[in-house]
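Chemist: I'll drop the sequence and a predicted model, then ask my questions.
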Amino acid sequence: MTREENDGKGLVKDLLADHETIIIKIRESIQHFAEKYNDASSCDFITGLMQEYEKMAWFLRAHL
């Protein structure tokens, strides 16, 4: 992972990259709970978290 410049735009790029990484991990967790545990409630909860991170990532992309 490379870090951007230490200015406003660089920090927003870093934050966006972190959010995108979290989104990927959350998607993996949703599949894990669905396939291994057949746990719809946890899948729904984690999907809600993913939606919040995706919304913030969209805001960050719009800011760039």
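Modeler: Looks like it arrived, so ask away. Numbers count the residues shown, from 1 in each chain.
Chemist: Report the mean per-residue pLDDT for the helix or strand hosting Leu16.
Modeler: Assessed by DSSP states H and E, Leu16 sits inside helix 8-32. Looking at helix 8-32 alone, the average pLDDT works out to 92.
Chemist: Other residues contacting stretch 40-59?
Modeler: Surrounding stretch 40-59, the residues in contact under the criterion CB atoms under 8 Å, 6 or more residues apart in numbering are 16, 19-20, 22-23, 26-27, 29-30, 33-34. C-beta here means a position set from N, CA and C on the backbone, and glycine is covered the same way.
Chemist: on that earlier part again, just give me how far the helix holding Leu16 sits from the chain centre.
Modeler: 4 Å (CA atoms, centre = their mean, to the nearest Å).
Chemist: Which residue would you name as the spatial centre of this protein?
Modeler: The structure's the chain has its C-alpha centroid closest to Ile23; by CA atoms, centre = their mean the separation is 2.5 Å.
Chemist: Alpha carbons of stretch 34-42, as CSV, please.
Modeler: Extracted in CSV, the C-alpha atoms of stretch 34-42 (Å, rounded to 0.1, in the frame of the first residue of the first chain):
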residue,chain,number,x,y,z
ALA,A,34,-24.5,-17.0,4.4
GLU,A,35,-22.6,-20.1,3.3
LYS,A,36,-21.1,-21.5,6.5
TYR,A,37,-23.7,-20.5,9.1
ASN,A,38,-26.8,-19.9,7.0
ASP,A,39,-27.3,-16.8,9.3
ALA,A,40,-29.6,-14.3,7.6
SER,A,41,-29.7,-11.9,10.5
SER,A,42,-26.0,-11.5,10.6
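Chemist: Farthest pair within the contacts of stretch 40-59?
Modeler: With CB to CB as the measure, no two of these lie farther apart than Leu16 and Ala34, at 27.2 Å.
Chemist: The two: who's more crowded?
Modeler: Neighbours of Leu16 and Ala34, each counted by other CB atoms under 10 Å, are more numerous for Leu16; the result is 19 against 14.
Chemist: Check the gap between the more buried one and Asp7 for me.
Modeler: Distance check for Leu16 against Asp7: by CB to CB, to the nearest Å, it reads 14 Å.
Chemist: Next up, the contacts around the residue nearest to the centre of the chain.
Modeler: With the criterion set at CB under 8 Å, 6+ apart, Ile23 makes contact with 50, 53-54, 57.
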